[in-house]
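Enquirer: Pasting a predicted model and its sequence here:
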Amino acid sequence: MRWKPPRPRSSPYITPEGYAALERESASLWERRAETTIAITAAAAEGDRSENAEYIYRKKELRELDRRIRYLQKRMPDLKIVRDVGSADQVFFGAKVTLERESGELLNYRIVGADELNPAAGTISIDSPLAKALLKKSVDDEVELVMGEHRELYVIESINYD
């Protein structure tokens, strides 16, 4: 296996809603973990563990739950909840931005922390190339995003901090 350098740490910023979602996830994981340990105990009582599919499955599930719980326990204390933004006429963390492509297509994004990233819901990470290009820009500014040989040009239509 080839050595890969570690990924750079993501920004420690998060919205209040994102932090609350992580707290709910953590509580839910602890509940699932308790249920899983009960199921492992019941499966272990059935006899030979090497051929016990239920036992093997539950042990794997427990490892995955423990991995996510460990991650949240290490990550959550380091997170900085961003409640206050700078100027409402510039793009900063938490901004909802409407962009217009050269083709006229409108795109809506909200800039959030890496832990609450959800492209399907229109959120992009503060660490993404697009978010970095948008920071400190104002309405009607042009933003050029270059990725290799591909180039995209956007115009900021609106900035909102609801």
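Expert: In hand now; what should we look at?

Enquirer: For the rest of this, base every contact and every neighbour count on C-alpha atoms.
Expert: Fine.

Enquirer: need the helices for this structure, in chain order.
Expert: Using DSSP state H, the helices found in the chain span residues 16-44, 53-75, 129-134.

Enquirer: Can you give the domain ranges for the protein?
Expert: Domain assignment for the chain, taken from automatic domain parsing, gives 13-80, 84-160.

Enquirer: what about the shortest one, start to end distance?
Expert: Criterion C-alpha to C-alpha, to the nearest Å; first-to-last residue distance in domain 13-80 is 5 Å.

Enquirer: Just give me how far it sits from the chain centre.
Expert: 18 Å (C-alpha atoms, centre = their mean, to the nearest Å).

Enquirer: pLDDT of it, averaged?
Expert: Across domain 13-80, the average pLDDT comes to 93.

Enquirer: Would you mind pulling up the elements that the strand of greatest length in the chain packs against?
Expert: The longest strand of the chain (DSSP state E) is strand 150-160. Contacts defined by 3 or more C-alpha pairs under 8 Å, 6 or more residues apart in numbering; DSSP states H and E place strand 150-160 against strand 96-101, strand 142-147.

Enquirer: now these as CSV including mean neighbour count, distance to residue 85 and mean pLDDT?
Expert: Shown next, in CSV, are the helices and strands packed on strand 150-160 (neighbours: other C-alpha atoms under 10 Å; distance: least, C-alpha to C-alpha, whole Å; pLDDT from 0 to 100):
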stretch, mean neighbour count, distance to residue 85, mean pLDDT
strand 96-101, 20, 12, 93
strand 142-147, 15, 21, 89
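
Enquirer: Test my guess that residue 100 contacts residue 109.
Expert: No. At 11.4 Å, residue 100 does not count as touching residue 109 under the criterion of C-alpha atoms under 8 Å.

Enquirer: Could you list the buried residues of the longest strand of the chain?
Expert: Buried residues in strand 150-160, counted by 16 or more other C-alpha atoms under 10 Å: 154-159.

Enquirer: Pull up the pairing partners for it, direction included.
Expert: strand 96-101 (antiparallel), strand 142-147 (antiparallel) (DSSP bridges).

Enquirer: Give me the contacts around that strand.
Expert: The contact list for strand 150-160, computed with C-alpha atoms under 8 Å, 6 or more residues apart in numbering, reads 88-91, 95-102, 138-146.

Enquirer: now stretch 51-60
Expert: Residues from elsewhere that reach stretch 51-60, judged by C-alpha under 8 Å, 6+ apart: 36-37, 39-40, 43-44, 49-50.

Enquirer: ok, these vs residue 79, which is closest?
Expert: residue 36 (28.7 Å; C-alpha to C-alpha).

Enquirer: Sweet, I'm off.
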